Each structure stands twice: as C-alpha cells, then as structure tokens.
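K.L.:
Test case, fold it:
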Amino acid sequence: MIILALDTTSELGSLAISSNGQILAEHALHSPEGFAHLIYPAIERLLAQADVRLAEIDCFAAASGPGSFTGVRVGLSAVKGLAEAMSKAALGVSNLRALSSFGNLPLRAVILDARRGEFYTAVYNQRFELVVPETVGKLSPWLETLAEPMYQFISPVPLPLEGTRFANMPFLEAPRTLAAAVARCAEREQCAWLDPAALDANYVRRPDAETFWKEG
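P.N.:
Prediction:
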C-alpha cells in the first residue's frame, strides 16, 4: 500500500511517500508565505523521486491541525482534490497524534506550542490511540491532571518541565516536519480512511479545559 502524506500546518511543511511502512521519499518545504503556490509542483517532484505514479497512490493523507488556519486548509484541500480526482481514499491526521508516532514508550504526552504562553496537549499510547483528550491552554494546569507514574514527553520544542515531577521523565525532541509521521498514522488506520468529502480540520477546543481548570 502506498500513501502520499502532506503537512502544511506551519511555515515548515513537508511531504512524504510511504510504501508498506517504508518512506520512499520525503521533502521539507519552508514557506512563511504559505504553500498554495508550492504544493502541486512539490508533489510532482516527490513522485518522480520515489518513482511512483499518482495512480498508484492508495491513500492521500494530510496533517489536519492544530496549526495555521490557512495552512491546514491548504493541505486538506490538496488531499481532497487529489483523492477525489483519483477516486481514492483520504485521511486527516491530528498533528498531536502524528507526534505520538515518534515515541517508543507506552504513554506519550505530546505537546505543541500554541503561542501566547499556551500549548496544545494530549496523551497517546503506543498504538497512537488517544488516552487523554486533546486540549489547549496553560501547560502547568494540564500537567497537574496527569496521574500515571511515567510518561514520555514529545515536542518539537523544549518544554518548561524543570521544577515539576516530570523534570526527569523521558523527553524526545521530535522533528518539525511531520509528513512521514502522518503517513505512519494513515497506514495504521486503513479502516478509518474516508471519502474525501468527509475530511475536516482538527480544531482543538478550549472550553472543556477551561471549565476543568477553572481558568480565565
């Protein structure tokens, strides 16, 4: 099975093609002004490098957020268009779930910078299944909700864990390019591949977290 995966959710994007769990080709794209003008030429180059025809792709997958609103939409729109044109399946993969695929321990606390002192957070297990819901908010109150004795923390940026009970727990600094991780998750979720029209952005919601933490 061959998967074409995209991540355009931040200014550092990426594309990857995988076949039966092996990455055939991967490109990083840096574009602060967005990816709409770059994505299709980049896909053509990637296909040529992997020696794969578009018709051979079984599933088109995109990072679905959280991230830049415009960036998320560019990736999802590209995947929808390609999947519909080729009559193939499509899948959106949470950026947080993609991060969890870099881990190697049972419980993986994945964290992305949401800016302004807030973070997107979640806990996944070794099967990339959600254990603690995805939320956004201040990091310290979220850490206080974690009850298990051991977590592997995964983030593309250093985390302010000093002075907490998590300071000596395993930390993995994940790559900032997520396309290969999106492909890994898509291959694991064959049963969840969707009609392209069903794809939507992953908006990590705030209200439940704010109610639980009684912040603001």
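
K.L.:
Roughly how far does the most centrally placed residue in the chain sit from N168?
P.N.:
What sits nearest the mean C-alpha location of the chain, by CA atoms, centre = their mean, is N95, with 2.0 Å. Going from N95 to N168 by CB to CB, to the nearest Å gives 27 Å. C-beta coordinates here come from the backbone N, C-alpha and C atoms, glycine included.

K.L.:
Same check on A186?
P.N.:
Between A186 and N168 the distance, using CB to CB, works out to 34 Å.

K.L.:
Settle it for me: which of the two has more neighbours?
P.N.:
Neighbours were counted for A186 and for N168 using other CB atoms under 10 Å; A186 has more, 27 against 9.

K.L.:
Now for the residue nearest to the centre of the chain: which residues touch it?
P.N.:
Shown in contact with N95 (CB atoms under 8 Å, 6 or more residues apart in numbering): 7, 9, 63-67, 112, 120, 178, 202.

K.L.:
biggest separation within those residues, which pair?
P.N.:
Between any two of those, the greatest separation by CB to CB is 14.8 Å, found for D7 and Y120.

K.L.:
So for those two, which sits in the more crowded spot?
P.N.:
D7 (32 against 24).

K.L.:
And the helices in the protein?
P.N.:
Applying DSSP state H to the chain gives helices spanning 39-50, 69-86, 95-100, 139-144, 179-188, 207-213.
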